[in-house]
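K.L.:
could you look at this predicted model? Sequence included:
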Amino acid sequence: MASKRRAAGELDEFLVALLEREGRPLTGLMLAEILREQGEIVTVSLVFRALRKLVERGTLHKLLLSRGYVPTRSPNEIYLHCTTCGSVGRIANEESFLKIEDVAERCRFRVTRPIVEVVGRCAHCLEREAADAAPPRRQSVAIATTKSAHASVEANVRR
C-alpha cells in the first residue's frame, strides 16, 4: 500500500468528507487513525490543526459531551446525545438561539458561540427498551395454558 501526503486544503476536504460518510461524531484521534489505516501520512497535530481551522470557519462543530466533530449543517443546531448508544441527532431551531441571545443580552452577556447539547435517549433505544421491558405474549399464553393444563390434571387426579 503506497502512503500519500495531502496538501492542507485537501486534508480539510478529506476530513469533512470522512465525517459526512461516517455519520457520527469522531474525535481527532479517531480521524487520525482512520487516515493512517487508509495509507495517509498524517500526524495527530496536523489533524487537530485542520479540525480547529474547520471549526473556526463554521464548517465543523466540536461537540462538548462526546468530544467529537460533526459537519455543521446550520449555525443554529441543537445536538441530541443518546446516553445509551452514543448517537447524536440534530435539529435546527433558530428561534431557540434567538431566545438564548435575548436572555443573555438582558444579563449583559454577549454570546459568541452558542452551543446547545441535550442528553437523553434516542427513539431507537427507547423502542428497544420498551420491547425488552414488555413480557413476550407467547410466554404469557404458554404460562396460562400450562396453568390451566395443570389445574385440569389436578382436577382429574382428585376424582
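P.N.:
Sure, I can see it. Numbering: from 1, shown residues only.

K.L.:
buried residues in stretch 106-115?
P.N.:
Buried residues in stretch 106-115, counted by 16 or more other C-beta atoms under 10 Å: none are found. Where C-beta positions appear, they are placed from N, C-alpha and C, glycine not excepted.

K.L.:
which residues sit against that stretch?
P.N.:
Contacting residues not belonging to stretch 106-115 are listed as 61, 64, 76, 97, 100, 101, 104 [C-beta atoms under 8 Å, 6 or more residues apart in numbering].

K.L.:
what is the nearest of those to residue 83?
P.N.:
Residue 83 has its nearest neighbour among the contacts of stretch 106-115 in residue 64, at 14.5 Å by C-beta to C-beta.

K.L.:
ranges for the helices of this protein?
P.N.:
For the chain, the helices defined by DSSP state H cover 8-22, 28-37, 44-57, 94-106, 123-133, 137-158.

K.L.:
out of those, the one nearest residue 81 is which?
P.N.:
If you check each of the helices of the chain against residue 81 by C-beta to C-beta, helix 123-133 wins as the nearest, at 11.5 Å.

K.L.:
please pick the buried ones from the contacts of stretch 106-115.
P.N.:
Buried positions within the contacts of stretch 106-115, assessed by neighbour count (16+ other C-beta under 10 Å), are 61, 76, 97.

K.L.:
and those residues, which is the shakiest by pLDDT?
P.N.:
Least confident by pLDDT among the buried ones among the contacts of stretch 106-115: that is residue 76, with 87.

K.L.:
need the contact list for it.
P.N.:
By C-beta under 8 Å, 6+ apart, the contact list for residue 76 reads 92, 93, 94, 96, 97, 114.
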